[in-house]
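K.L.:
3D, please:
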Amino acid sequence: QVQVVESGGGLVQPGGSLRLSCAASGFGLDYYAVGWFRQAPGKEREGVACISERDGSTYYSSSVKGRITISRDHAKNTVYLQINSLKPQDTGVYYCAARRSYCSDYVLAYNYWGQGTQVTVSS
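P.N.:
As a prediction, the model looks like this:
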């Protein structure tokens with residue numbers, strides 16, 4: 001069964017950190033560009049980071065650049081999203097998605113999606 005599963009979300013205080021995981025089964029993530037998206041209540045889903053298939057190039061949205069790092073663990077077939085200095089506006093459901101090509105900001109460009117993991121930043 002082909003699927004991706006996110007984990008690692010939770011409730012964290014402003015200024016804290018989280019590491020989200022995106023684990024794949026049924027296919028190798030190494031052959032896919034993997035993007036992380038988030039969706040805040042009442043807002044559209046937006047891309048926050050992506051790691052490319054080919055050379056591992058990384059891309060970040062301007063809203064999170066400097067606070068987020070995306071990385072791969074080839075052995076675990078997993079992509080991580082490290083988020084530091086969390087702000088209340090980072091609250092939302094975080095999704096990972098995979099596509100057989102270069103990174104894209106467009107939701108519809110991705111073939112495989114996880115169910116999402118909730119991140120809540122609040123004191």
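
K.L.:
Now for the residue nearest to the spatial centre of the chain: which residues touch it?
P.N.:
The centroid of the chain falls nearest to W36 when counting by CA atoms, centre = their mean (2.5 Å). By CB atoms under 8 Å, 6 or more residues apart in numbering, W36 lies in contact with 20, 22, 47-50, 70, 79, 81, 94-97. C-beta here means a position set from N, CA and C on the backbone, and glycine is covered the same way.

K.L.:
Closest to D105 out of the residues you listed?
P.N.:
Closest approach between the contacts of W36 and D105, by CB to CB: G47, at 4.5 Å.

K.L.:
The closest residue to D73 other than its chain neighbours: neighbouring residues, count only.
P.N.:
Nearest residue to D73, sequence neighbours excluded (CB to CB, 6 or more residues apart in numbering): Y80, at 6.9 Å. Residues near Y80, counting by other CB atoms under 10 Å, number 20.

K.L.:
Give me the buried entries from the contacts of W36.
P.N.:
Neighbour-count burial (16 or more other CB atoms under 10 Å) applied to these gives 20, 22, 47-50, 70, 79, 81, 94-97.

K.L.:
Paired strands for the strand or helix carrying the residue nearest to D73, with orientation please.
P.N.:
Using DSSP states H and E, Y80 sits in strand 78-83. Here strand 78-83 is paired, per DSSP bridges, with strand 18-25 (antiparallel), strand 68-73 (antiparallel).

K.L.:
Throw those strands into JSON lines and include mean pLDDT, thanks.
P.N.:
JSON lines is the format used below for those (pLDDT from 0 to 100):
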{"stretch": "strand 18-25", "mean pLDDT": "96"}
{"stretch": "strand 68-73", "mean pLDDT": "96"}
